[in-house]
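Asker: Need the 3D shape of this:
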Amino acid sequence: MLGSSLLAISWGIEKTGLFPGMIINFLIGAICLYTAYLLLKVNEKHSVSGERCEVPELCKLLLGSWAELLAKVFSMIVLFGANIVYWILMSNFLFNLVSSLHGFIYSTEENDHVSVICLKDQLSSNHSITTLNDSLTDISIFDKYWNAYTTVPVILAFIMFPMLNFKDAKIFMRFNSLGTISVIYLIGFSFIKSFTWGIHLPDTSTIFELKPTFVALSGMLTLSYFIHNIIITMMKNNRHQDKNGRDLSIAFGLVTFTYSAIGGLLYISFPLSKWCIEDNILNNFGKYDKLVLFGRALLFFQLSTVFPLLAYMLRNDIFSNLSFLKTHGEKFRYLPVVVLNLILVVICILFACFLPRIGTIIRYIGAFSGMVYVFLLPNLLNIYSLRKEQKLTNFRFIFHTSIIILGVLNLLSQFLISDD
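Answerer: Sure thing, here's the model as predicted:
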């Protein structure tokens, strides 16, 4: 569950307000925990012993083919969105790492003491003099050809594309432990920066104020806690099946604490105006910050191993659900794999060039997929299960229907706000 949202959680809290942000984090986490638990309980009651049963199979069994199709499509949408976000982050990390290295070697600027920056402030102040500067100064060859939104996403493709065409992804699974190391590093990084900066709270009257843009956080968190498409298979590996509810609650509790700790600490201690906080918090630090440099290098390496794994999962989903691409025991075919990966990479490059906003992408993907996998399907499955057992009361029906309505409202509200 812990992923790219760790870098955007402070941005989400800024969009919401400190105290309301903490409450929404807890509420969305609780809803996601409850609906994930519903999937486990429904599977326990209705799955056929000895047969593969995930959410799409449960939907087909209890709700019909339309629900199975819906589950499969939105599972692929989540993987597709994750690939886009990871590509944007990898492009960002690669750009900053090389820029920092170039600056260490060639730059004569005395900017290594700049620890915190406000990109929004820089953009607004430089906008009016951009044309004048371009006419008076020569842009260096490095800055001309090493651009975060033009050349770097394309250069990244030459690094990543060969790794996407492997027959299987076993080699990348060996690096899963890097995710834990990255999370531990980000937690430590947040504590160090918070203690270094000290407390910089905004006006106390605004701490409890719920901002109109709070739905940016609710949409983002729906994806941050998203594990529903693989929860049944994952929990089957639990040695003590009777403790699934307890273990799932512990996992969600730890994730909720981590989001609250990192997001809250960085928000409270951020020394500049809170509206400066970026949807990738590392963009708020100077390029010569040693801790940030190491963090970017670690995250880049981690994402470069996770991205091929996600692309492999997406490829398997697409090939298994499109009949004309199924191999039916035939030899592995490279051409369909290469074509699919080429399409994926081109789309990722386009997003990295023209919409490199991970906060925006996460909240839309989260709201869309969350409406189906978090709010709709688990509650529909549970309602059908209760009705089949003749245990569906009016209260239970209204309660679970209300959760579905919340998911619909969460999605619709994303179109009513702007991230600017």
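Asker: now for the helix or strand that contains Phe395, which elements pack on it?
Answerer: Using DSSP states H and E, the element containing Phe395 is helix 394-413. If you count contacts as 3 or more CB pairs under 8 Å, 6 or more residues apart in numbering; DSSP states H and E, helix 394-413 packs onto helix 18-46, helix 215-224, helix 358-370, helix 377-388. Every residue, glycine included, has its C-beta placed from N, CA and C.
Asker: taking those helices together, which one is wrapped up most tightly?
Answerer: The highest mean neighbour count among the helices and strands packed on helix 394-413, using mean count of other CB atoms under 10 Å, belongs to helix 215-224: a mean of 28.
Asker: gap between it and the chain center?
Answerer: A distance of 9 Å separates the centroid of the chain from that of helix 215-224, by CA atoms, centre = their mean, to the nearest Å.
Asker: orientation of it relative to helix 358-370 in degrees?
Answerer: 60 degrees (axes from the mean of the first three to the mean of the last three CA atoms, to 10 degrees).
Asker: And the next helix or strand past helix 215-224?
Answerer: Next element after helix 215-224 (DSSP H and E): helix 231-236.
Asker: Just the endpoints, please. Distance across stretch 159-174?
Answerer: 19 Å (CA to CA, to the nearest Å).
Asker: and what of stretch 318-335?
Answerer: Counting by CA to CA, you get 15 Å between the two ends of stretch 318-335.
Asker: Can you find the helix or strand of the protein with the lowest average pLDDT?
Answerer: Of all the helices and strands that make up the chain, helix 130-136 has the lowest average by mean pLDDT, DSSP states H and E, namely a mean of 44.
Asker: Can you give me the buried ones in the helix holding Phe395?
Answerer: Residues of helix 394-413 classed as buried by neighbour count (16 or more other CB atoms under 10 Å): 400, 403-404, 406-407, 410-411, 413.
Asker: Longest helix in the chain, please.
Answerer: helix 65-106 (DSSP state H).
Asker: one step back: can I get the CA coordinates of the helix holding Phe395 in PDB?
Answerer: Extracted as PDB, the C-alpha positions of helix 394-413 are listed here (Å, rounded to 0.1, in the frame of the first residue of the first chain):
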ATOM      1  CA  ASN A 394     -32.800  -2.400   6.400                       C
ATOM      2  CA  PHE A 395     -30.000  -0.900   8.500                       C
ATOM      3  CA  ARG A 396     -27.300  -3.100   6.800                       C
ATOM      4  CA  PHE A 397     -28.700  -2.200   3.300                       C
ATOM      5  CA  ILE A 398     -28.700   1.500   4.100                       C
ATOM      6  CA  PHE A 399     -25.300   1.400   5.700                       C
ATOM      7  CA  HIS A 400     -23.600  -0.300   2.700                       C
ATOM      8  CA  THR A 401     -25.500   1.700   0.200                       C
ATOM      9  CA  SER A 402     -24.300   4.900   1.900                       C
ATOM     10  CA  ILE A 403     -20.700   3.800   1.400                       C
ATOM     11  CA  ILE A 404     -21.300   3.300  -2.300                       C
ATOM     12  CA  ILE A 405     -22.800   6.800  -2.500                       C
ATOM     13  CA  LEU A 406     -19.700   8.200  -0.700                       C
ATOM     14  CA  GLY A 407     -17.600   6.700  -3.500                       C
ATOM     15  CA  VAL A 408     -19.700   8.200  -6.200                       C
ATOM     16  CA  LEU A 409     -19.500  11.600  -4.500                       C
ATOM     17  CA  ASN A 410     -15.700  11.200  -4.000                       C
ATOM     18  CA  LEU A 411     -15.400  10.700  -7.800                       C
ATOM     19  CA  LEU A 412     -17.700  13.500  -8.900                       C
ATOM     20  CA  SER A 413     -16.100  16.000  -6.600                       C
END
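Asker: Nice, that's everything, thank you.
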